[in-house]
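Enquirer: need a structure here:
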Amino acid sequence: MKTSPWRDPALGSGDTAALTGLKVLDIATMGAAPLAATFLADFGAEVIKVEHPENGDHIRAFGRRKNGKSVYWKTISRNKRAVTLNLKHPDGQEVLKQLVAEADVVIENFRPGTLEKWGIGYDVLAQINPGIVMLRTTGFGQTGPYSGFAGFGTLAEAMSGFASITGTPDTPPLLPQFALADGVCGAFGAFGVMVALRARDADPQRRGQVVDASICEAMSRLLESVFLDYDQFGDVRQRHGNRLPDAAPRGAYETADPGKYVALSGSAQPIALRLLRALGRPELCEDPRFSTNEGRVANAEELDEIISSWMKRHTREDALRILREYEVAAGPVYDVGDVFADPHFRERDLLTEMPDPDFGTVRVHNVMPRLSRTNGKVQFTGRDAGADNEAVFGALGLDGEAIARLRKSGAA
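Expert: Below is the predicted model of the structure:
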């Protein structure tokens, strides 16, 4: 019986994950595009990760290392078979084309025109497989004057407008300490792939198409209220710290426990009034300064002082108990250790512990969101570059000698 280059035989059969049978080629590097492939793989898509035989995926050098191996790689490349191919090499391209003939999706993030220069652009691959969907993720999109620029998430966070409103009035613009824009675009990219596949299923000719995902535009998409304020009123949003110019109260307040904060939001009118009662100040519900959102926004500084004073008189545990008794939207400001220890997240299996050949075990985030009938699963952690060369290439009909020739020539 012929084995599949896509399905890892160690996983067995009978999977009920929603995307089982969907075949995805991840030829991208770094963050946003590979994350899109990871999100699909989490729900059963059969993903082959293609890396350059010498350079590998640059994300392997990102973040901390343990036992000489990238820790982050274990999660961003989970559930993916790992092969090496030199996409500039004719023999490497031939193997890629064999995989494309069977694939549903190709995910790439080279600068626009790069694959075309190598002779393996979308038009070429669509001749091999007209149903192929290609996700093309770049910093600024496939067209426009910035399309050829190098584009990392940092630039998207800066140029989308996000950094300009993050921070306090007396600080420079702030950038996040994690790959926020890459994650946002990865989710949009995976969504775009599923939309394109749905369109293919509805097309009598089952034609694929290109999904053009810009990291900057994905990040910008989350700033709709900021853009609408400028469009309709000419207002440029400034940095307000933890406050919102649209609703009050909103912030993080230190409690009687030094360094322990409670975050809360009173953006909905009923919650804001419940908060005032929880503070022991029910009369403020009738005070025009605080009885409406408009009044609270205009008097946000005074309201924050009332909340801060109350918080300082209570431990974090007591403050949360009282606020929750009044059904106020409030929660502790956690660090990562707090998240690991929290019983709610433990019961929800926010993290799942996986066996790993390099680390013994590693706890990675579970699949998100959860499906009641066809949920996904983390099957295995990210593998070494080329770990599945023999299995995948062998399933394509290449024998040991042919695989050795590919390796010797630099094609794999």
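Enquirer: against which helices or strands is the helix ranked longest in the chain packed?
Expert: As assigned by DSSP state H, the longest helix anywhere in the chain is helix 180-202. The contact analysis (3 or more Cβ pairs under 8 Å, 6 or more residues apart in numbering; DSSP states H and E) places helix 180-202 against helix 32-42, strand 105-108, strand 133-138, helix 153-159, strand 210-214, helix 215-220. (C-beta placed from N, C-alpha, C; glycine too.)
Enquirer: go again using 6 Å as the cut-off
Expert: helix 32-42, strand 133-138, helix 153-159, strand 210-214, helix 215-220 (3 or more Cβ pairs under 6 Å, 6 or more residues apart in numbering; DSSP states H and E).
Enquirer: what angle separates the longest one from strand 210-214?
Expert: Here helix 32-42 runs at an angle of 120 degrees relative to strand 210-214 (axes from the mean of the first three to the mean of the last three Cα atoms, to 10 degrees).
Enquirer: that older thread, Thr315 is nearest to which of the helices and strands packed on helix 180-202?
Expert: helix 153-159 (35.7 Å; Cβ to Cβ).
Enquirer: gap between the residue nearest the centre of the chain and Gln379?
Expert: In the chain, the residue lying closest to the centroid (Cα atoms, centre = their mean) is Gly183, at 2.5 Å. Distance from Gly183 to Gln379, counting by Cβ to Cβ, to the nearest Å: 21 Å.
Enquirer: for Ser267, same thing?
Expert: Distance from Ser267 to Gln379, counting by Cβ to Cβ: 40 Å.
Enquirer: which residues of the stretch 51-200 of the chain fall in helices?
Expert: Counting by DSSP state H, counting those that start in this stretch, the stretch 51-200 of the chain has helices at residues 73-76, 90-102, 114-118, 122-128, 153-159, 180-202.
Enquirer: show me the shaky parts of the stretch 151-300 of the chain.
Expert: Scanning the stretch 151-300 of the chain for pLDDT under 70 picks out nothing.
Enquirer: what's the separation between the most far-flung residue of the chain relative to its centre and Met311?
Expert: Here the chain reaches farthest from its C-alpha mean at Glu283, the gap being 44.8 Å by Cα atoms, centre = their mean. Glu283 sits 20 Å away from Met311, going by Cβ to Cβ.
Enquirer: what are the ranges of the strands in the stretch 301-412 of the chain?
Expert: Taking DSSP state E, counting those that start in this stretch as the test, the strands found in the stretch 301-412 of the chain are 330-332, 351-356, 360-365.
Enquirer: now the shortest one: buried residues?
Expert: Of all the residues in strand 330-332, those buried under the rule 16 or more other Cβ atoms under 10 Å are 330, 332.
Enquirer: and it, what does it pack onto?
Expert: Judged by 3+ Cβ pairs under 6 Å, 6+ apart, the packing partners of strand 330-332 are strand 261-265.
Enquirer: quick one: buried residues of stretch 300-313?
Expert: The neighbour-count check on stretch 300-313 (16+ other Cβ under 10 Å) flags 300, 303-304, 306-307, 310-311 as buried.
Enquirer: gap between that stretch and the chain center?
Expert: Mean-position distance between stretch 300-313 and its chain equals 35 Å (Cα atoms, centre = their mean, to the nearest Å).
Enquirer: what of stretch 356-364?
Expert: Put simply, stretch 356-364 sits 21 Å off its chain's centre (Cα atoms, centre = their mean).
Enquirer: same deal with stretch 238-245?
Expert: Centroid separation for stretch 238-245 versus its chain: 25 Å, with Cα atoms, centre = their mean.
Enquirer: now swap in stretch 284-294 and tell me
Expert: The answer for stretch 284-294 is 39 Å, by Cα atoms, centre = their mean.
Enquirer: low-confidence stretches in the stretch 1-150 of the chain?
Expert: Counting by pLDDT under 70, the stretch 1-150 of the chain contains low-confidence residues at 1-2, 10, 12-14.
Enquirer: can you pull the domain assignment for this structure?
Expert: Structural domains assigned to the chain are 9-221+350-409, 261-332, following automatic domain parsing.
Enquirer: same list, the helices and strands packed on helix 180-202, but as CSV with distance to Gly63 and mean neighbour count please.
Expert: Listed next are the helices and strands packed on helix 180-202 as CSV, based on distance: least, Cβ to Cβ, whole Å; neighbours: other Cβ atoms under 10 Å:
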stretch, distance to Gly63, mean neighbour count
helix 32-42, 14, 27
strand 133-138, 20, 26
helix 153-159, 14, 21
strand 210-214, 23, 22
helix 215-220, 19, 24
